[in-house]
Structure formats: structure tokens, C-alpha cells
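1. Below are the sequence and a predicted model for it; my questions follow.
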There are 4 protein chains.
Amino acid sequence: MVSTHRAPATASADDPTPTTRSRDVRSRLVDVAAELFARHGFEGTSVQTVVEAAGVTKGAMYHHFTSKDDLLYEIYARVLRTQINQLLRIAELDLPVDQRVHAAAVDVVESTIASLDDSIIFFRSMHQLGPDKQMQVRAERRRYHERFRDMIEEGQRTGVFSSAVPADLVVDYHFGAVHHLSTWYREGGPWRATDVGNYFADMLLSALRP
Amino acid sequence: MVSTHRAPATASADDPTPTTRSRDVRSRLVDVAAELFARHGFEGTSVQTVVEAAGVTKGAMYHHFTSKDDLLYEIYARVLRTQINQLLRIAELDLPVDQRVHAAAVDVVESTIASLDDSIIFFRSMHQLGPDKQMQVRAERRRYHERFRDMIEEGQRTGVFSSAVPADLVVDYHFGAVHHLSTWYREGGPWRATDVGNYFADMLLSALRP
Amino acid sequence: MVSTHRAPATASADDPTPTTRSRDVRSRLVDVAAELFARHGFEGTSVQTVVEAAGVTKGAMYHHFTSKDDLLYEIYARVLRTQINQLLRIAELDLPVDQRVHAAAVDVVESTIASLDDSIIFFRSMHQLGPDKQMQVRAERRRYHERFRDMIEEGQRTGVFSSAVPADLVVDYHFGAVHHLSTWYREGGPWRATDVGNYFADMLLSALRP
Amino acid sequence: MVSTHRAPATASADDPTPTTRSRDVRSRLVDVAAELFARHGFEGTSVQTVVEAAGVTKGAMYHHFTSKDDLLYEIYARVLRTQINQLLRIAELDLPVDQRVHAAAVDVVESTIASLDDSIIFFRSMHQLGPDKQMQVRAERRRYHERFRDMIEEGQRTGVFSSAVPADLVVDYHFGAVHHLSTWYREGGPWRATDVGNYFADMLLSALRP
DNA sequence: AATGAATGAGCATTCATTCAT
DNA sequence: CATGAATGAATGCTCATTCAT
């Protein structure tokens, strides 16, 4: 995040995308907003603050986003896109199910820690989204949950995992812990992201032992 | 028009608590505020809305609470008081450590579900609290965490539990799941509170098997 | 309108109405708003302008009126109240019907000219009123129209007036002319209010001759 | 990219009107604006709304009109052009003066009803016009009034009409009723345009009987 | 204890217009 | 001719809090 701010639109003349400038504005706004919403909350951050930090005018922001709410939604969309892609990538690896679950369980911890700001916003500000957008986010979130659950169920069906606990609850248990990370995890604390990921994944796998 | 007009609800002089009426007003305000803050968020609920719902006037509210913030703090204080008492009660039972941990793990799920509103507020609105009060809440929360962790450590020391995962992370894992409940648990869904509590406690104990 | 502004609440101590102060604020706002809305239009007048001219703060205005719209409505209500009372007074006089119609026809012209500002607003800004309030105004306006029409019909039934033109259209014809006054009538022009009133009333009566 | 990219709709050099295409755009904009201004008011209609409804871009609109105000002015100009032509046509017929007045009185009602939208705008939005344009409109309007008044005066001079009421006031009386039409007349109501026109013209002539 | 009018700073949003391309 | 990103000032309205009574 060093030379991003106010970069004087140095897109080379042969840049094929005509929207380089506007992509700059859009994504700069989303980046800045994510940071501010995480630090001060959605309601605690004024549009004025966001646009000032992004170095654009209010009018420009409203040219690209229909509302403050819309800006928030874009943050959600960005997180969800990343997370689901990551999960699908792992779920389709050619590995035994317990190894896939372990890898996914580690990955969700690591990537959550990698963008803790997004995570803070995700669970704290969902209710600020309009009802329609909230439903879209929930639907996408459910897809994510279901894809993970399918792996658990696969393991249960094939006897690799215990069936003592319903797969849905297993997923909620693990994801709850992940969600909670933004509350207590701090960079420079006693554990690196990968440590926490492995500890949590190990606990998950232990809990699933037949 | 100073002391007329009001039924002489004169609390006896040696009564240490405020008058019955004012206790009524105080707790009615806290109750109403908890519901509204959970439903619409702290910033999404105006003081006007709260006092109207509680059937008192704004002036009355500011007589009992120094600020809107203070009202929020009272909600936190109420939750924390209840939770810590409950945990201490269980932790001091004369039972093997794994049974105590299991009981505590079930209980925290059940009591969280019993007052889901409080839980919604707890994690969503912490940052609305002033820095001082936020620190107080965090300190109390830490005490709670530590008391639970102590039980885990006791089990690890005595070989009842595996020491593979640091006790602190074990607690964070379980509490994360509990925290997450307010996001997905719904009355009338497939599981009763006690079911979820037992499933989660079972997973925790499974994960801790040596 | 000399010493009204900012009068230092000189209500004598034995003033029985407890709301003298707030009535001051309310009616001062309505007066000022009527003048400004007439001069610059409803949309062309900002709330800021109104409250500055009335010497109150924006918050105070919103304490008394729920919206800018509500302020406009109050102007309408005031006009309608006055007009309907005046018409009823005349309609109930013990005079032949043609004299009552003449008197009412003169009076509506005179009173419209007496408060031309209100009339300018009335027809220019109706559409700025919310749908509910617009309906209320229309209903009240219809009552007024109907009371006038009843007198015309009475004259037609009794043969004093010609029945060549439906009574409703007769009323619309005359009221149209009255409505139009705010477009062209100017104080200090060739005719006094009473002149115009009598000329118009004479034309109406002439048109109604059998 | 100056003169490329556009089909060579080259209007012949001696064609005094702008190119067909641009005439299309211009008049489409005026048409659409008239409808929107009538329905939502001038201030209640954004330039964005107008250009979207007309299927052109904002830039295109500002190419043809110097401002939103200018668009409004064009509506006024169009109405005035039509009305004055119509009046002159009738005033120059070779008929007795009372018949000419009757015909003109009917015609102004009918043509007003034929384009009620324009009439709504005419009286409601005059004050939105800049002072210069407002003066131009008023001047043209005065010409119209005077041409009508001349006919009345001709009738008064020749004894066909009563001189009891000044001709100017007679015109204001009738035109007021016409102006008012947009407030109450509705297609599909009890009277067709021609009915109302004849009733009103009859009243006017009756009122003018010596 | 309680009232309710008043404050005043702050907020999200709109919009006519400009201008480089 | 046309585009669409950008401007910047203005707007209606909210709200926690205060204070005279």
C-alpha cells in the first residue's frame, strides 16, 4: 500500500482496458472503505471521511457507487469471491477427504487472518446492508458453508469421519472459531496465522475421529 | 409542582437500592434497549426510539444513564455478570475435570441461545463503547476466558486431555463457535439449544482426547 | 408585522396558555415560510433560509414540524380554515340567494387579494405536498367548492339564475378567475381589491341572468 | 475524431433548419421534458431523468440546450407560438365580433385541454425561468391578452357588448377560468373539452350582454 | 424525578454543469 | 456531435445532549 494513493494515472498509453482510471477510483474507494469501516465501524465512518482518504470527491464516489451501502456491499462481494474460489480450489484437489478437509480448514484460517479487516466488517456490519443485498450475501455464504459440509459428509459416508455430530453443526463449529478470529487474533502475538490454522484444523480432525 | 403529583413510593430509608419505581425504569430501559439494539443495531436505534418503547421520556432516561453509551454498557455488564456467575458455579462443582468442562461447554451454548439478543449486541457493538468501558468489558471477558482455560489446563496437566493444542486456543475455538451462534441459530430450527450444546461439547471433548 | 420578530416572550405572567412561547415559534415559522415560498417557490426556498429568517434553529423547526412538507401543509391548512369560515358566514346570511352569491363572489376575491402570497403558494406548490396531505387539502377544497355550488343550485332551482350552465362549471369559472389573481393582480394597480371583486361578481351574476 | 463516425446526414447547405437528426433530438427532449415537468414539477425532475427518458446522453442535451432552464423556456415558446397563431387566425375571421369572441373563447379552452401538460407547467413553473426569459414570456403573454382584449373593446365600442366591466378584467376573468382548467379538468369526466369550451364561452357572452 | 423545547454539528445524498476525449 | 467521469456546493433531515422549569 505504498505508492497506491494518488498515483497519477500512469497507465501506459497502450493499456488495452479503457477503464484503468475508473478502476483505480473504484478499487481505491473499496480499499480505503474496508480499512475505515473495520477501524471505526460502518456507521462510525462518514462518506466524507472515505472520499477524503481515497483522494476523490463525494460526487465521484456517487458516480461509481449508488450509496454508502453499495460500497459496503462491494467489500462483501470481494471477500466472498476470494473465499469461495479458494475453497473450490482445495475441494477439487486429488487427495483423501481428511487431507482436503484439513487443508481447507487451515486455509480458511490463514486467509481470514490475511484480511482480518474484511472479517471484522463481515460479521459486524451485515445488518447495515439493505435487505436484498443481505440476502445475496447470505446466499453466497450458504453456498460456501454447503461446499465445506459436503466434504464432511463425504468423510462421514466413507467412514473416515465419525457421524456423531451432524455435518452442518461441524461446519458451524469450525466457522464460528474462524469468525471469532477477528475478535482476538493480533499480528505479532504468540502464534502465526499458519500455527493457528494448523491447531484449529487439528482440533477439527480430532473431533471427527471415529 | 415539585414533589406533588407522584404517588409516595418512598423506599424505606435503609433500602440500599434505588426506589422500586426507578429500578423499574432502569431495568425497563435496559431490556427495551437490548431488544432494539439487537434488532436495529446501536447506531440504528435512536434514544428517542428507546424511551418511547420504554414509555418514559428522554429526560428520565438521562436521569438514570449518563449517555446512550452508558445504556449499552449496562447491557454488557448484565451479560457478563450472568455468564461469569454461571461459569464459576460449574467450575466449582465436585466433578472430574472432563465432566466439568463438558458441563461448562454445554452451559455456555445454552445460555447464549437463551439470550441471543445479548449475544448479537455483544460482538457487533463492542466498538461503540467508549475506550474505558471497552477496556472494562474486555477485562471481564478475559477473566471468563481464563477461568475456562484453567479447567482445560488442569485436564492437560493431569493427562485427561491432550496437550497438542495450547489451552488458550482450545478456548478460543470453542468460544468462537458460541459467539457465532447468534449468526445462524434460530428458534424452531432442527436443533434445540441443549442439542447444540451437547454436540458442541462432545466435539470439544473429542478434540481434547489424548 | 412590525414588532413580531424576536419579541422577547413578553407574555404576561398570568397568561393562561402554557404554550405561548412555542406558539410563537410555530406561527413565526409559518408566516415566514409563506412569504418565502411565495417569493422563491417551495423548492427554491431552503429550510436553512426559512429558519434563519424566523430566527430559530433548524432543530427547533424540526421539533415543531415533521418536515419541510409539513410546514407547507400548515400554510394550506391556515388558508383553508379562513376561507371556509368566511364562506359559511356569508352563505348563512338571511338574504336573497343572488345577494348571497354576489357577496360571496366579492368576498373570495377580496380575501384572496388580501393574502396573495398564500394564493401563489396554493396553486403552484400543491404537488409538493405528500399524497396524503394533498388528498386532505383537495377534500377541504372540494367542500368549499360544493358549498358555493349549493348556492348556485339554489338560485337555479328557484328560477333566480339561469340553468343553462351546470352549477359546477359556473363555480369553476369564477374560482378560476380568483385563482388567476395571483398571476396578475398588483397592489397599486388601476383597481382596488374591492373593485375587482365587484366587477367579477357582477360578471358572474350577469352570466347567471335567466 | 471530429467529423468521422456519423452517417453523412448532411443537410443541404441552404437548408435553414438544423439537421433532421438534431431536430429529432431537440423536439424529443422538449416533448419528454414537458411530460415530466408536468408530472413531477420542474425542480422535481432531474436532467438525468429527462435525458434517460429521451434516450440521449447528458452531453447531447447540453449540446442542444444551454441549461435545464433553456429546456423549460422552449416549452413555453412552443405553447405561446401555438396559442397566438390560433388566436390570430380566429380574430381575423370575417365574422361579427360576438361570434369571433365566442369562437376564440371556445378555442382557448379546447386547445388548453388538448395540451393540459403544457398548461400545468405554464402557471406552475414560470418562476423557475431566469428573469430575462421570464420577461420574454410575459411580453408574449401580454400580446395574447391584448389581442383578445381588442376584440372585447371592439364589441363594447360598437355596442354589441356591455361596457360595465373594463375589457382587461373581462379577459382576466375568462383566462383565469382557462388557466384553472389544469387543476380540475380530467379526461373521461362528465364534460368533453368542447362542452366546457361552449359553456364557458356562453357565460362570457352572457356576462357581456348589454 | 421528570418534562419537552431547543441546540448545533453532522450526515447521506442530489444535481446542474463542465470538460477532456 | 457525443460521452461519461468528475465537480462542488447545496439540501433536507437526524440525533445525542442540555437546560430552564
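-> Right, received. Where do you want to start?
2. Which other helices and strands does the helix or strand hosting residue A:88 contact?
-> Following DSSP states H and E, one finds residue A:88 within helix A:68-91. Packed against helix A:68-91, as judged by 3 or more Cβ pairs under 8 Å, 6 or more residues apart in numbering or on different chains; DSSP states H and E, are the following elements: helix A:20-40, helix A:47-54, helix A:97-114, helix A:116-124, helix A:131-157. Every C-beta, even on glycine, is put in place using the N, C-alpha and C of the backbone.
3. If we use 7 Å, what do you get?
-> helix A:20-40, helix A:97-114, helix A:116-124, helix A:131-157 (3 or more Cβ pairs under 7 Å, 6 or more residues apart in numbering or on different chains; DSSP states H and E).
4. For these, give me CSV that also has mean neighbour count and mean pLDDT.
-> Shown next, in CSV, are these (neighbours: other Cβ atoms under 10 Å in any protein chain shown; pLDDT from 0 to 100):
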stretch, mean neighbour count, mean pLDDT
helix A:20-40, 18, 85
helix A:97-114, 20, 97
helix A:116-124, 20, 93
helix A:131-157, 16, 95
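5. what residues does the helix holding residue A:88 touch?
-> A:29-30, A:33-34, A:37, A:42, A:47, A:65, A:100, A:103-104, A:107, A:111, A:118, A:121-122, A:125, A:128-130, A:133, A:137, A:140-141, A:143-144, A:147-148, A:151 (Cβ atoms under 7 Å, 6 or more residues apart in numbering or on different chains).
6. Look up which helix or strand the residue of chain A found nearest DNA strand F falls in, please.
-> Closest contact between chain A and DNA strand F, by Cβ to the nearest atom of the strand, is at residue A:59 (2.2 Å). Taking DSSP H and E as the definition, one finds residue A:59 inside helix A:58-64.
7. And chain D, is that helix touching that?
-> No: counting by Cβ under 7 Å from any Cβ of the partner chain, chain D is not contacted by helix A:58-64; separation bottoms out at 11.6 Å.
8. Enumerate the positions of that helix that are buried.
-> A:60, A:61, A:64 (16 or more other Cβ atoms under 10 Å in any protein chain shown).
9. okay, which residue is most central for chain A?
-> Closest to where the C-alpha atoms of chain A average out (Cα atoms, centre = their mean) is residue A:79, at 3.4 Å.
10. Would you mind measuring from it to residue A:136?
-> For residue A:79, the distance to residue A:136 (Cβ to Cβ, to the nearest Å) stands at 13 Å.
11. Check residue A:54 too.
-> 25 Å.
12. just residue A:143 next, same as before
-> In terms of Cβ to Cβ, residue A:143 sits 11 Å off from residue A:136.
13. Equivalent analysis for residue A:28, please.
-> 24 Å.
14. Which positions in chain A make contact with chain B?
-> So chain A meets chain B at A:41, A:43, A:123-124, A:127, A:164-165, A:169, A:172-173, A:175-180, A:183-184, A:196, A:199-200, A:202-203, A:206-207, A:209 (Cβ under 7 Å from any Cβ).
15. Show the buried residues in those.
-> Listed as buried from the residues of chain A next to chain B are A:41, A:123-124, A:165, A:169, A:172-173, A:175-180, A:183-184, A:196, A:199-200, A:202-203, A:206-207; burial here means 16+ other Cβ under 10 Å.
16. among these, which are in helices?
-> Members of these lying in helices (criterion: DSSP state H): A:123-124, A:169, A:172-173, A:175-180, A:183-184, A:196, A:199-200, A:202-203, A:206-207.
17. and these near DNA strand E, which?
-> When Cβ under 7 Å from any atom of the strand is applied, no member of those is adjacent to DNA strand E.
18. Quick check: residues of chain A near DNA strand E?
-> Near DNA strand E, when you scan chain A using Cβ under 7 Å from any atom of the strand, you find A:45, A:46, A:47, A:48, A:49, A:58, A:59, A:62, A:66, A:67, A:68, A:69.
19. 10 Å - rerun?
-> Within chain A, the positions near DNA strand E by Cβ under 10 Å from any atom of the strand are A:9, A:18, A:21, A:40, A:42-51, A:57-63, A:65-72, A:130.
20. Of those, just the buried ones, ChimeraX syntax please.
-> Buried residues within the residues of chain A next to DNA strand E, by 16+ other Cβ under 10 Å, are selected in ChimeraX with:
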select /A:42,45,50,51,60,61,65,68,71,72
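21. Next, the contact list for residue A:120, please.
-> Counted by Cβ under 7 Å, 6+ apart, residue A:120 has contacts A:38, A:182.
22. where does residue A:181 land on pLDDT?
-> Note on residue A:181: pLDDT of 96.
23. how's chain A carved up into domains?
-> As assigned by automatic domain parsing, chain A contains the domains A:20-64, A:68-208.
24. out of the ones you listed, which comes closest to residue B:93?
-> Residue B:93 sits nearest to domain A:68-208 of all the domains of chain A, at 24.1 Å, using Cβ to Cβ.
25. gap between that closest one and the chain center?
-> Domain A:68-208 sits 9 Å away from the centroid of its parent chain (Cα atoms, centre = their mean, to the nearest Å).
26. nearest to DNA strand E, of the buried residues of helix A:58-64?
-> residue A:61 (7.6 Å).
27. And the pLDDT for the closest one?
-> pLDDT recorded at residue A:61 is 94.
28. now do residue A:12
-> With respect to pLDDT, residue A:12 scores 37.
29. and the closest residue to residue A:101 other than its chain neighbours, what does it touch?
-> Nearest non-adjacent residue to residue A:101, counting by Cβ to Cβ, 6 or more residues apart in numbering or on different chains: residue A:151, 5.2 Å away. By Cβ under 7 Å, 6+ apart, residue A:151 lies in contact with A:91, A:97, A:100, A:101, A:104.
30. for the residues you listed, which one is nearest residue B:157?
-> Nearest to residue B:157 among the contacts of residue A:151 is residue A:101, at 30.3 Å by Cβ to Cβ.
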